[in-house]
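> need a structure here:
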Amino acid sequence: MDTLLNILGEEALQPSSVPTRPLNLESVLETIKIQVKDLASSQLVSDIETSRDGSESEPLPPEFNLEDFADVESETSMVVSSTVQLQDITYAGKTDVGMQRDRNEDDFVAVFQTRSINGKSQISDRSRRGLFVLCDGMGGHDGGEVASAIAVNSITDQFRPFWIDTLPGEKMLNEIICKANQVIFTKNENEKRKSLGRMGTTLVVLGIHDLDVVIAHVGDSRIYKVTNSPNLESILEPKLEQITRDHEVLNQLLDLGVEPEVAQSRPDAHQLTQALGPNPSDRLEPSIEFFALTETTLFLLCSDGMCDNDAIDDNWRSHLLPILNKEVDLQTGLDRLIELGNNVNGHDNLTAILVMCEMA
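Here you go, the predicted structure:
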């Protein structure tokens, strides 16, 4: 990471990212149980459910569809079925020092688990879960390497206890990231590191538990996803989407209503407004988002050394789409991607993690 930071001075712009809140499943499921009970009694499915006394009940949340529910065995139990299932997760990760550096300050980890339960007294269950973390360190002699390693290890260790049944919620994930930040910040304070000598790191996190996904990020490392999605004519079209938004001065100015041409012309346009480590955790606002997998998806986590100069946006059809379509295996595709990054950029360390989620 060779970007000058805009997070050290008092005049630095304050981040304005707004985390996406996870769905309140307890409340939603209670609403669904009541309405499915009414459905079983009336044997009538309509856009608006009508109760026995003729009054209209609240419509189902848009995230749910009554047609997805199987037989209602009694008034107090129901079986929820899904037409989409996660069949497999495959992944590959690689880091490279680049063409001009003698030290690699990037770090990453990929952790994957499966759980199978089968037995007379147990419900058949096979769940898949993965945690993928990538960091791009910065700051002083060996500082970037230390900061990225601290962040990767801290987040991985804190994340593991939440893998038993589900992903950690927004509040807990925010705490996990802030604890990693505080470890680096305390080290900066203890070593009396000042200004650009203070160590720090960017962060991207991808957590998967079956169909549930959470992403989190701080800084300008990115997560992309590639899918073959149906258009209005139900024809599959390949699509690339950047699902993180860089924490940098440019985006802060755009949020304040500054004209794009003016914002982009500033010499500090790509300076970071957030990173782990330089500041205490009460000044950190990680961006967190939850969503569900609905189709086969290829995720790419990468440092800016990989995606600078529009390397991904300009070359995803030749380097990512063949992986999604299984024309190229994951490891070969990753090697070609790193080679592309060095050819287009090469000025910085570069790291990439590819995660393929295949649906049945």
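> mind checking how far Asp313 is from Val344?
11 Å (C-beta to C-beta, to the nearest Å). C-betas here are computed from N, CA, C, even on glycine.
> ok, the two, which is more surrounded?
Per other C-beta atoms under 10 Å, whichever of Asp313 and Val344 has more neighbours is Val344, with 19 against 11.
> Give the bridge partners for Phe290, please.
Val214 (DSSP bridges).
> again, but for Lys225
Going by DSSP bridges, Lys225 forms beta bridges with Glu241, Phe299.
> For the residue nearest the centre of the chain, give me its contacts.
The residue lying closest to the centre of the chain (C-alpha atoms, centre = their mean) is Ile215, at 2.1 Å. By C-beta atoms under 8 Å, 6 or more residues apart in numbering, Ile215 lies in contact with Val204, Val205, Leu206, Gly207, Ile223, Ile243, Thr244, Ile288, Glu289.
> tell me the pLDDT at it?
Looking at Ile215, its pLDDT stands at 98.
> List the contacts of Arg317.
By C-beta under 8 Å, 6+ apart, the neighbours of Arg317 are Pro238.
> what do you get for Ser303?
Taking C-beta under 8 Å, 6+ apart as the test, what Ser303 contacts is Met1, Asp106, Leu134, Asp136, Thr202, Ser221, Asp348, Asn349, Leu350, Thr351, Ala352.
> quick one: which of those residues is nearest Ile235?
Checking the contacts of Ser303 against Ile235 by C-beta to C-beta gives Ala352 as the nearest, at 29.9 Å.
> Is it correct that that closest one is in contact with Lys94?
Yes: judged on C-beta atoms under 8 Å, Ala352 makes contact with Lys94 at a distance of 6.1 Å.
> what about the two, which has more around it?
Ranked by neighbour count (other C-beta under 10 Å), Ala352 and Lys94 place Ala352 first, with 26 against 16.
> Next one, pLDDT for that one please.
98.
> Could you do Glu233 as well?
pLDDT, Glu233: 82.
> What is the burial count for it?
6.
> Please name the bridge partners of Leu206.
Phe132, Ile215.
> Test my guess that it contacts Phe299.
Yes: the pair Leu206 / Phe299 is scored as a contact, 5.9 Å apart, by C-beta under 8 Å.
> Show me whatever sits in contact with both of these two.
Common neighbours of Leu206 and Phe299 (C-beta under 8 Å, 6+ apart) are Phe132, Ile223, Ile353, Val355.
> What about these, which are in strands?
Counted as lying in strands by DSSP state E, out of these, are Phe132, Ile223, Ile353, Val355.
> and the residues you listed as CSV, adding neighbour count and distance to Gly144?
Below are those laid out as CSV (neighbours: other C-beta atoms under 10 Å; distance: C-beta to C-beta, whole Å):
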residue, neighbour count, distance to Gly144
Phe132, 24, 20
Ile223, 23, 21
Ile353, 23, 19
Val355, 23, 24
